[in-house]
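Trainee: No sequence on hand, only this structure:
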């Protein structure tokens, strides 16, 4: 299972270090409003898919709270069918869906999980609820 903070599931973007810091910065700036994952990771971790309205704790390299996001949509699609509007919502500077696919395929291959056109991808859209300087650090994370 993925770690919980204040009863909420965590959202650990990318790998710890520069990548996670960059991705968290994009979320906190409002530029990143989506993320993609592999359906197989959910089965391996015995996790259910996120759902619209669910709040997640965005975590830093030390699994500490960096912000709170609220899921606005979840869709499972084939890797080859991830649409450009979703890829653009990831806010990572991709100039085309082909570029997004190449970058994500390379990332997952480096993580030991090569993908094919038929690999099932979880496309999660979210909005930032709180974070950044003076963001939520304690209390009711559901508000």
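Mentor: Yep, that arrived. All figures in this text were calculated on a predicted structure; none of them were measured in a lab.
Trainee: Now the residue nearest the centre of the chain: which helix or strand?
Mentor: Nearest to the geometric centre of the chain sits residue 35, at 3.6 Å (CA atoms, centre = their mean). Secondary structure from DSSP states H and E places residue 35 in strand 34-38.
Trainee: now for the helix or strand bottoming out on mean pLDDT in the chain, which elements pack on it?
Mentor: Taking mean pLDDT, DSSP states H and E as the measure, the chain has strand 4-5 as its least confident helix or strand, at a mean of 88. For strand 4-5, the packing partners by 3 or more CB pairs under 8 Å, 6 or more residues apart in numbering; DSSP states H and E come out as strand 55-59. All C-beta atoms are positioned from the backbone trio N, CA, C, and that covers glycine.
Trainee: What residues of the next helix or strand after the strand it packs on count as buried?
Mentor: Remark: after strand 55-59, the chain's next helix or strand is strand 65-78, criterion DSSP H and E. Across strand 65-78, burial judged by 16 or more other CB atoms under 10 Å covers 65, 66, 67, 68, 69, 70, 71, 77.
Trainee: Between strand 55-59 and strand 65-78, find me the angle.
Mentor: Calculated by axes from the mean of the first three to the mean of the last three CA atoms, to 10 degrees, strand 65-78 forms an angle of 110 degrees with strand 55-59.
Trainee: pLDDT (mean, whole number) over strand 65-78?
Mentor: Averaged across strand 65-78, the pLDDT comes to 97.
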